[in-house]
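Trainee: Based on what follows, work out the 3D shape:
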Amino acid sequence: MTERVNEVRDRLRACPEPSGHEGKTAAYLAAELRKAGCEVRETATGGHGVVGILKGAEPGPVVGVRGDIDALRHVVDGKEVCVHSCGHDAHAAMALALAEEAAKTGIRRGILKVFFQPAEETLAGARGMIEEGLTADLDYMFGIHLRPIQEAKAGQATAALWHGSSYQLEASVSGRTAHGARPHLGVNAIDAAVLVVNALNCVWENPVEGWSAKVTKFNSNSLISNAVPDGVDLVFDLRAQKNGVMESMLQKVSDMVINVPTGLGAVGTVKKSDGVPAAEYDPEAIALLEEAITAVLGREGLLPPIVTPGADDFHFYKRAKPSIKAGFVGLGADLTPGLHDPSMTFDANVLPDGVKILKYAVDKLLG
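Mentor: Prediction:
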């Protein structure tokens, strides 16, 4: 299995495909699942996804395991390249090895569904699989993700990787154009948008909660420099460790965008907000993964929960079906210098341990 999981990872690393364009990756995974004896479902919603399905002879729970499959675009040495700089090649390799091992041993009861999810980086993949009804019957859902060396080293893992909520709110401020020599005849959209940016400093949530709000884009639509501009587009990046905090921030920032510009006679509009919810896990799922990590890595390898401001669209699965018992493994791999860096590297010798952790949890539920 060690040789196999690294063979698959090498194959996927050599053919990185960006979100929504994972056709070759999906075709390869589907073919390997069929060779292993799995029933296969393929989907194009949100990208190119694949689900491998194994059924036991006896009634039991439906257990899902997700591996994401998309890569990231980077500019390296002046050229655009696609790189598996978030470790999705490793995640998919572990998920395929799990499916193959489970197919060899068989499952006694219930159903195992191994998800190879596209478009995680664009937050479209999980929602696409949900829309196709592929997750409607799930009782459990497990994920796994490599962690930077600052969070976990090789031989270590956490049973609860607490991702935060991440949203981008797109807004515009509209004024009225005028000649630069006659500004009193217009409404300067930049002036009004600057007030909005400054007002963001007055948006507060509970300081003991993890959250942040900042402007990450500010563009005027003016093509000339001697006229009062009549439009500005803004983007707000919002982060929160809890979904309730995010909902409060979205409301406060939206109200601010609409109300603040009126003092100058401008109009603020919220055009779009989209993002991903924060992690919500279940004690039963976390306890099972803790048991699995301890069995594979020893008690010294079990880390306490890790809180990260990073986000993952895995959490749409529980948002869509709250009864799902969800858990998420953060696997140490001596990963440096960090995720989303095109030079990212890690110790591939940890991948079999990831497979064993997932297999232990699956066997406890379906064996």
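
Trainee: Okay, buried residues for stretch 261-281 please.
Mentor: Applying a neighbour-count criterion of 16 or more other Cβ atoms under 10 Å, the buried positions in stretch 261-281 are P261, L264, A266, G268, V270, G275, V276, P277, A278, A279, Y281. C-beta: built from backbone N, CA, C; applies to glycine.

Trainee: Over to stretch 98-107?
Mentor: Within stretch 98-107, the residues that qualify as buried are L98, A99, E100, E101, A102, A103, I107, counting by 16+ other Cβ under 10 Å.

Trainee: what does stretch 213-227 give?
Mentor: Applying a neighbour-count criterion of 16+ other Cβ under 10 Å, one finds A213, V215, S222, A227 buried in stretch 213-227.

Trainee: I'd like to know which of the buried residues of stretch 98-107 are part of helices.
Mentor: Judged by DSSP state H, helices contain the following of these: L98, A99, E100, E101, A102, A103.

Trainee: now those as TSV including pLDDT and distance to N349?
Mentor: Conversion of these to TSV gives the following (pLDDT from 0 to 100; distance: Cβ to Cβ, whole Å):
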residue	pLDDT	distance to N349
L98	98	17
A99	98	21
E100	98	19
E101	97	18
A102	98	22
A103	97	24
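
Trainee: In JSON lines: these, plus distance to P309.
Mentor: Conversion of these to JSON lines gives the following (distance: Cβ to Cβ, whole Å):
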{"residue": "L98", "distance to P309": "28"}
{"residue": "A99", "distance to P309": "32"}
{"residue": "E100", "distance to P309": "35"}
{"residue": "E101", "distance to P309": "34"}
{"residue": "A102", "distance to P309": "34"}
{"residue": "A103", "distance to P309": "38"}
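
Trainee: does the spatially closest residue to Q156 that is not a sequence neighbour count as helix, strand or coil?
Mentor: Closest residue to Q156 apart from its sequence neighbours, by Cβ to Cβ, 6 or more residues apart in numbering: G332 at 3.8 Å. Counting by DSSP: H, G, I helix; E, B strand; the rest coil, the backbone at G332 sits in strand.

Trainee: that older thread, which pair in the buried residues of stretch 98-107 spans the largest distance?
Mentor: Pairwise distances across the buried residues of stretch 98-107 (Cβ to Cβ) peak at 13.0 Å, for the pair E100 and I107.

Trainee: The stretch 101-250 of the chain: strands as residue ranges?
Mentor: With DSSP state E, counting those that start in this stretch as the definition, the stretch 101-250 of the chain shows strands at residue ranges 109-117, 140-148, 157-158, 161-163, 165-174, 178-179, 211-220, 227-228, 231-240.

Trainee: where are the low-confidence patches of the stretch 151-300 of the chain?
Mentor: Applying pLDDT under 70 to the stretch 151-300 of the chain flags no residue at all.

Trainee: which residues in it form helices?
Mentor: With DSSP state H, counting those that start in this stretch as the criterion, the stretch 151-300 of the chain has helices at 189-199, 243-259, 283-297.

Trainee: Kindly reformat these as JSON lines containing mean neighbour count and distance to V62.
Mentor: JSON lines is the format used below for these (neighbours: other Cβ atoms under 10 Å; distance: least, Cβ to Cβ, whole Å):
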{"stretch": "helix 189-199", "mean neighbour count": "19", "distance to V62": "47"}
{"stretch": "helix 243-259", "mean neighbour count": "18", "distance to V62": "25"}
{"stretch": "helix 283-297", "mean neighbour count": "19", "distance to V62": "14"}
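
Trainee: Select, out of those helices, the one closest to R4.
Mentor: If you check each of these against R4 by Cβ to Cβ, helix 283-297 wins as the nearest, at 17.2 Å.

Trainee: tilt between that closest one and strand 140-148?
Mentor: For helix 283-297 against strand 140-148, the angle by axes from the mean of the first three to the mean of the last three Cα atoms, to 10 degrees is 50 degrees.

Trainee: following helix 283-297, which helix or strand shows up next?
Mentor: Sequence-wise, the next helix or strand beyond helix 283-297 is strand 302-303, with elements assigned using DSSP states H and E.

Trainee: List the neighbouring strands of that following strand plus their orientation.
Mentor: Taking DSSP bridges as the criterion, strand 302-303 sits next to strand 157-158 (parallel) in its sheet.

Trainee: now the partner strand: how far from the chain's centre is it?
Mentor: 18 Å (Cα atoms, centre = their mean, to the nearest Å).

Trainee: And the contacts of that strand?
Mentor: Contacts to strand 157-158, defined as Cβ atoms under 8 Å, 6 or more residues apart in numbering, come from residues 147, 152, 293, 297, 301-306, 329-332, 353-354, 357.

Trainee: on that earlier part again, mind putting the strands of the stretch 101-250 of the chain into CSV with distance to V196?
Mentor: As requested, these are arranged in CSV below (distance: least, Cβ to Cβ, whole Å):
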stretch, distance to V196
strand 109-117, 36
strand 140-148, 35
strand 157-158, 39
strand 161-163, 29
strand 165-174, 6
strand 178-179, 20
strand 211-220, 8
strand 227-228, 17
strand 231-240, 7
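
Trainee: which one of those strands is the most hemmed in?
Mentor: Mean neighbour count (mean count of other Cβ atoms under 10 Å) peaks for strand 157-158 among these, with a mean of 27.
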